[in-house]
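Peer 1: Sequence and predicted model, in that order:
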Amino acid sequence: MSISTSERVGVARLLSTPTPDLAEHRAHFGPLPCLDVPQLVDLLKCAGLVGRGGAGFPTWRKLADVAAAGARHPVVVANGAEGEPLSDKDAVLLHRSPHLVLDGLALVASALGAREVHVYVGAAAVQSVRAALAERGDRRTQLTEAPDAFVAGEESAVVNRLQGGPALPLDRTLRVTRSGVRGRPTLVQNVETLAHLALLARYGPDWFRAAGRPDEAGTRLLTLSGDLARRGVLEVESGAGLGALLARRGVDLRDVRAVLVGGYHGAWVPGAELAHTELSVASLRRFGAAPGAGVVHVLGTRRCGLAASAEIASWLGQQSARQCGPCVNGLPALADVLTRLARRERTPGLVREVHRLSEVVTGRGSCRHPDGTARFVRSALAVFDNDVAAHLQGACEVAA
Ligand code: SF4
């Protein structure tokens with residue numbers, strides 16, 4: 001994806017002053033302050049920064065948890081593995097502003113007294129990170145390429161990979177903040193979150209809160225894809241109006257059937273609701289969606305929502321790490337029933353079977369892959385309910 005713009009007005013944020021050059025970066029942003037853990041925790045609490053990797057977890061909590069584990073030298077990881085096929089924002093950020101990410105990583109590593117520091121990124125970002133580390137004369141930070149797999153960025157999969165295993169989720173009872181890489185407390189933080197932290201440490205929480213909503217502060221990176229001309233990565237305020245955002249990118253909302261928000265583990269928002277929906281947890285909750293890792297995927301009115309959803313569900317079914325039975329067998333079965341529905345098979349029990357299988361797989365995996373897939377499939381049935389009724393009659397609005 002090639003287009004990268006910032007839509008922030010007035011305040012310099014992640015993509016508004018991009019430079020991969022260290023001297024320019026330092027000249028522009030100034031020195032990085034040195035903060036201890038209590039100062040960082042206070043700063044993060046005041047700012048209300050939540051993780052930008054997908055789960056939206058308060059950033060201060062993970063940091064405080066690792067510090068509370070009491071190990072002398074915890075492990076710190078910048079996670080830029082974008083297994084999500086619709087997301088490019090971490091790769092774009094690492095390409096344009098790698099030093100902001102490395103600043104954030106240096107801040108937390110120094111505060112925690114970490115001696116083992118990792119950057120874990122997809123193939124697209126390896127070169128820019130390697131160049132940035134060389135420019136900083138940083139020989140301590142270890143760079144690891146993440147495989148191109150949906151679950152490769154899951155926290156315990158990251159830990160598994162960094163300690164020499166495959167990038168597959170581990171069946172865990174302990175959080176990685178308590179027992180991660182080789183049993184040491186490990187802070188795994190998304191690269192965008194670290195970049196925000198690097199700015200926040202310099203400019204303070206009031207500056208951060210000048211953008212966004214009182215309950216969801218700051219900006220976030222989005223990857224726009226699907227049926228629109230101006231695809232790409234952009235920076236928007238948290239809580240930005242979805243309809244207005246798409247209209248500014250030249251989208252006629254009347255041509256939108258639905259928008260997938262949050263990625264393949266996200267949920268559909270109907271086109272008719274876009275004008276009244278914000279990119280915020282509060283506004284998206286009624287659709288079972290969340291901003292997640294900032295994916296916004298547009299489905300035009302000329303495309304069948306059930307067919308598009310079945311395609312995604314089939315792909316997700318193949319992404320199982322083949323460790324947990326309900327995931328290995330249940331997700332392909334779920335995708336298969338949705339595909340039969342999408343193909344207009346006239347079997348009345350298909351919808352019931354989708355719901356049954358969704359319940360069977362939910363909460364039954366070592367990671368959240370089955371839960372996220374079931375949520376996505378349920379969202380498809382709810383948002384495309386008219387299509388479901390038509391398909392069961394052998395008809396389809398798009399094919400008619
Ligand atoms: S739930 Fe699925 S993806 Fe997650 S660990 Fe188990 S088999 Fe792997």
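Peer 2: Yes, it's here.
Peer 1: just to confirm, which helix or strand has the residue nearest to residue 301 when sequence neighbours are not counted in it?
Peer 2: Excluding the flanking residues, the one nearest residue 301 by CB to CB, 6 or more residues apart in numbering is residue 257, at 4.8 Å. All C-beta spots, glycine's among them, are computed from the backbone N, C-alpha and C. For residue 257, the enclosing helix or strand under DSSP states H and E is strand 256-261.
Peer 1: In stretch 239-247, which residues are buried?
Peer 2: For stretch 239-247, burial by neighbour count (16 or more other CB atoms under 10 Å) applies to 239, 240, 241, 242, 243, 245, 246.
Peer 1: wait, isn't residue 347 in contact with residue 340?
Peer 2: Yes. The criterion here is CB atoms under 8 Å, and residue 347 meets it with residue 340 at 7.0 Å.
Peer 1: Low-confidence stretches in the chain?
Peer 2: 1-12, 16-18, 172, 399-400 (pLDDT under 70).
Peer 1: mind giving me the domain ranges of it?
Peer 2: 9-209, 305-392 (automatic domain parsing).
Peer 1: May I see the ones you listed arranged in CSV, with mean neighbour count as well?
Peer 2: Shown next, in CSV, are the domains of the chain (neighbours: other CB atoms under 10 Å):
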stretch, mean neighbour count
domain 9-209, 20
domain 305-392, 19
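Peer 1: Export these as CSV, with columns for distance to residue 398.
Peer 2: Below are these laid out as CSV (distance: least, CB to CB, whole Å):
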stretch, distance to residue 398
domain 9-209, 21
domain 305-392, 8
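Peer 1: and the helix or strand encompassing residue 360, what other elements does it pack with?
Peer 2: Element membership for residue 360 (DSSP H and E) is helix 350-361. Where contact means 3 or more CB pairs under 8 Å, 6 or more residues apart in numbering; DSSP states H and E, helix 350-361 is packed against helix 325-342, helix 369-383, helix 385-392.
Peer 1: and it with helix 325-342, angle?
Peer 2: 160 degrees (axes from the mean of the first three to the mean of the last three CA atoms, to 10 degrees).
Peer 1: hmm, helix 350-361 touching the ligand?
Peer 2: No. Remark: helix 350-361 sits outside contact range of the ligand, by CB under 6 Å from any ligand atom, the gap being at least 8.5 Å.
Peer 1: how far is that helix from where the chain is centred?
Peer 2: 26 Å (CA atoms, centre = their mean, to the nearest Å).
Peer 1: Convert that helix to CSV, retaining C-alpha atoms only.
Peer 2: C-alpha atoms of helix 350-361 as CSV (Å, rounded to 0.1, in the frame of the first residue of the first chain):
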residue,chain,number,x,y,z
LEU,A,350,-27.6,-23.4,7.9
VAL,A,351,-28.0,-20.2,10.1
ARG,A,352,-28.7,-22.3,13.2
GLU,A,353,-25.6,-24.4,12.4
VAL,A,354,-23.4,-21.3,12.1
HIS,A,355,-24.6,-20.1,15.5
ARG,A,356,-24.1,-23.6,17.0
LEU,A,357,-20.5,-23.8,15.7
SER,A,358,-19.7,-20.3,16.8
GLU,A,359,-20.7,-21.2,20.4
VAL,A,360,-18.7,-24.5,20.2
VAL,A,361,-15.4,-22.8,19.3
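Peer 1: Dump stretch 284-295 to PDB, keeping only the CA atoms.
Peer 2: C-alpha atoms of stretch 284-295 as PDB (Å, rounded to 0.1, in the frame of the first residue of the first chain):
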ATOM      1  CA  LEU A 284     -18.500   0.800  17.800                       C
ATOM      2  CA  ARG A 285     -19.700  -1.400  20.700                       C
ATOM      3  CA  ARG A 286     -23.300  -1.700  19.400                       C
ATOM      4  CA  PHE A 287     -21.900  -3.500  16.400                       C
ATOM      5  CA  GLY A 288     -19.600  -5.700  18.400                       C
ATOM      6  CA  ALA A 289     -16.700  -3.900  16.800                       C
ATOM      7  CA  ALA A 290     -13.700  -1.900  18.200                       C
ATOM      8  CA  PRO A 291     -11.000   0.200  16.500                       C
ATOM      9  CA  GLY A 292      -8.500  -2.700  17.200                       C
ATOM     10  CA  ALA A 293      -5.400  -2.400  15.100                       C
ATOM     11  CA  GLY A 294      -7.000   0.400  13.000                       C
ATOM     12  CA  VAL A 295      -8.400  -1.500  10.000                       C
END
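Peer 1: Touching that stretch from outside, list them.
Peer 2: Contact with stretch 284-295 is made by 52-54, 56, 82, 84, 86-87, 89, 190, 192, 220-223, 225, 238, 260-263, 265-270, 273, 277-281, 375, 378-379, 382-383, as judged by CB atoms under 8 Å, 6 or more residues apart in numbering.
Peer 1: now the residue nearest to residue 301: how far from the ligand?
Peer 2: 29 Å (CB to the nearest ligand atom, to the nearest Å).
Peer 1: And for that residue, the neighbour number?
Peer 2: Applying other CB atoms under 10 Å, we find 23 residues neighbouring residue 257.
Peer 1: Please look at it and residue 309 and confirm they touch.
Peer 2: No. Counting by CB under 8 Å, residue 257 sits too far from residue 309 to count as a contact (11.2 Å).
Peer 1: The ligand contacts on the chain?
Peer 2: So far as CB under 6 Å from any ligand atom goes, the chain lies against the ligand at 151, 169, 320-324, 327-328, 365-367, 369-370.
Peer 1: cutoff 5 Å now
Peer 2: Residues of the chain lying close to the ligand by CB under 5 Å from any ligand atom are 151, 169, 320, 321, 323, 324, 327, 365, 366, 367, 369.
Peer 1: Pretty sure the first one sits in a helix.
Peer 2: Yes. Residue 151 forms part of a helix when assessed by DSSP: H, G, I helix; E, B strand; the rest coil.
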